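Trainee: Dropping the sequence and predicted coords here.
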Amino acid sequence: MRLTCLKDNLSKGLSIVARAVATRTTLPITQNVVLATDQGRLKLSSTNLEIAISTWIGAEIQEEGSITIPARLLTEFVNSLPSEAIEIEQIDVPLGLSLKCQRSQTSINGNPIEDFPPIPTVDSGVKAKIDVAELKKAISHVVFAAATEDSRPVLTGVKVDITNDSLTLAAADGFRLAVYKGSLLESVKEDLQFVIPAKALTEVSRLAAGQSDDITFTVTPSKSQALIKLENIELVSQLIQGSFPDYNQLLPEKYDNRVIVDQEQFLAATKTAAIFTRDGSGIIRLQSKGSGGDSKLTISSRAEEIGESEGEVDATLESASNDMKIAFNARYLADVLEVLGKGKVVLETTSPSSPGVIKGENRDDYTHVVMPMFVQW
């Protein structure tokens, strides 16, 4: 292999595939990155056996070839070079790469590509196309609600339901549930359901930053892998097998109390109250005062050894009893308020011991359910 490419292009490509490079692994070679010539361009690939990322960068190819090189070492070296052209040439003994850039020259030992796990490919399956902005919005609204512990592996993923031209993403960790409904650019040939790791979707959202091309999902017929294709980037993820909870049954059908507040005021008061939940309880109490459009929502917290905080925001209350009170985990409440963005927020409850529903006013594309905390009122 012999080629020339720009330092900035190579550096960007290495940063793209870096997130799929294994860190702690029993297979050390997965800490490498694959460099291979591919139809007049340089292809970079990495995998941690759960996800694989490939990207293509422009290069002047003199000789075809492929090799795998320690990712961290190569990245650090390339980033240290000036923004000029790099001459890359494969060395046979010992196997490695020679890199020249202006007055700098180095050689890095590598391994034959045959030693590297095959980068998975998805050649057939059901395809769905979605606008990049729509997908990023959908991911940001649900991915934080996925479980981070592996006690129930299926909950570390996001359930994806595709029917005709509609897309639904759902995530739950046993304490909260986030459901986002979006739309595809075109109808799919058959309905599709699968669970994809939340970490993979987080990477997709990161890779989609600054991109304008539509994104294509391809899911294998066996529903074991999904290919997400972006502009000059491909990510292949293993899918999670298992039965995801029926989230439609977890969405409350009715409410007794409905409070409408300003998102910015609500979030600011929540963050202030959260300061006094760091003793480990994490509890924020919400209680309504007044009725109708002259109501107030009180946001309070207290810690025995630290102190207590109480704030209030203007609210509109629709209530059967004119007395709404409920307690939530501070972080869970802040998470959903931040993703809702500016505007009016609706909180629907039935009792202090029943789940609360949080969503944007006049928004039917997103619903968030949070389990309450049990406190003495």
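Mentor: Arrived safely, thanks for sending.
Trainee: what sits up against stretch 303-321?
Mentor: Taking contacts as CB atoms under 8 Å, 6 or more residues apart in numbering, the residues outside stretch 303-321 that touch it are 256-262, 265-266, 269, 272-273, 275-279, 281, 288-293, 295-302, 324. The C-beta positions use only the backbone N, C-alpha and C, and glycine is treated the same way.
Trainee: could you pull out the strands for the stretch 1-150 of the chain?
Mentor: Taking DSSP state E, counting those that start in this stretch, the strands of the stretch 1-150 of the chain run over residues 2-6, 32-38, 41-47, 51-58, 60-63, 66-70, 85-91, 96-101, 104-109, 126-130.
Trainee: Check which residues of the shortest one are buried.
Mentor: Judged by neighbour count (16 or more other CB atoms under 10 Å), strand 60-63 contains these buried residues: residue 61.
Trainee: So in that sheet, which strands flank that strand, and in what orientation?
Mentor: Taking DSSP bridges as the criterion, strand 60-63 forms sheet pairs with strand 2-6 (antiparallel).
Trainee: Please point out which parts of the partner strand sit buried.
Mentor: 3, 5, 6.
Trainee: For this structure, give me the ranges with low pLDDT.
Mentor: 280, 320-322 (pLDDT under 70).
Trainee: and the closest residue to residue 6 other than its chain neighbours, what does it touch?
Mentor: When the adjacent residues along the chain are set aside, residue 6 lies closest to residue 85, with 5.9 Å between them (CB to CB, 6 or more residues apart in numbering). By CB under 8 Å, 6+ apart, the residues touching residue 85 are 4, 5, 6, 7, 101.
Trainee: What are the neighbouring residues in contact with the fourth one?
Mentor: To tie it back to what came earlier, the one meant is residue 7. The neighbours of residue 7, taking CB under 8 Å, 6+ apart as the test, are 78, 81, 82, 83, 84, 85, 86, 101.
Trainee: how much space between the fourth one and residue 2?
Mentor: From residue 83 over to residue 2 the distance is 22 Å, taken as CB to CB, to the nearest Å.
Trainee: can I get the CA coordinates of the host helix or strand of residue 193 in CSV?
Mentor: Secondary-structure element containing residue 193, defined by DSSP states H and E: strand 192-197. Once non-C-alpha atoms are left out, strand 192-197 reads as follows in CSV (Å, rounded to 0.1, in the frame of the first residue of the first chain):
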residue,chain,number,x,y,z
LEU,A,192,-40.1,-3.6,11.2
GLN,A,193,-39.4,-4.0,14.9
PHE,A,194,-36.0,-4.3,16.6
VAL,A,195,-34.0,-3.2,19.6
ILE,A,196,-30.7,-1.4,19.0
PRO,A,197,-28.2,-0.6,21.7
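Trainee: and it, which strands flank it?
Mentor: Using DSSP bridges, strand 192-197 pairs in its sheet with strand 157-163 (antiparallel).
Trainee: who does whichever strand or helix holds residue 347 touch, helix- and strand-wise?
Mentor: Under the assignment given by DSSP H and E, the secondary-structure element containing residue 347 is strand 344-349. Applying 3 or more CB pairs under 8 Å, 6 or more residues apart in numbering; DSSP states H and E, one finds that strand 344-349 contacts strand 257-262, helix 263-274, strand 356-360.
Trainee: by contact count, what packs against the shortest one?
Mentor: Based on contacts counted as 3+ CB pairs under 8 Å, 6+ apart, the elements that strand 356-360 packs against are helix 330-340, strand 344-349, strand 366-370.
Trainee: Any chance of TSV for these, columns distance to residue 313?
Mentor: Supplementary listing: those in TSV, determined by distance: least, CB to CB, whole Å:
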stretch	distance to residue 313
helix 330-340	11
strand 344-349	10
strand 366-370	18
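Trainee: for these, which one sits closest to residue 124?
Mentor: strand 366-370 (33.0 Å; CB to CB).
Trainee: Can you show me the helices along the stretch 101-250 of the chain?
Mentor: Using DSSP state H, counting those that start in this stretch, the helices of the stretch 101-250 of the chain run over residues 132-142, 198-207, 247-250.
Trainee: Now tell me what touches the first one from outside.
Mentor: Right, the one you point to is helix 132-142. For helix 132-142, contacts defined as CB under 8 Å, 6+ apart pick out 158, 167, 169-171, 178-180, 182-183, 201-202, 204-205, 208-209, 211-215, 230, 339, 366.
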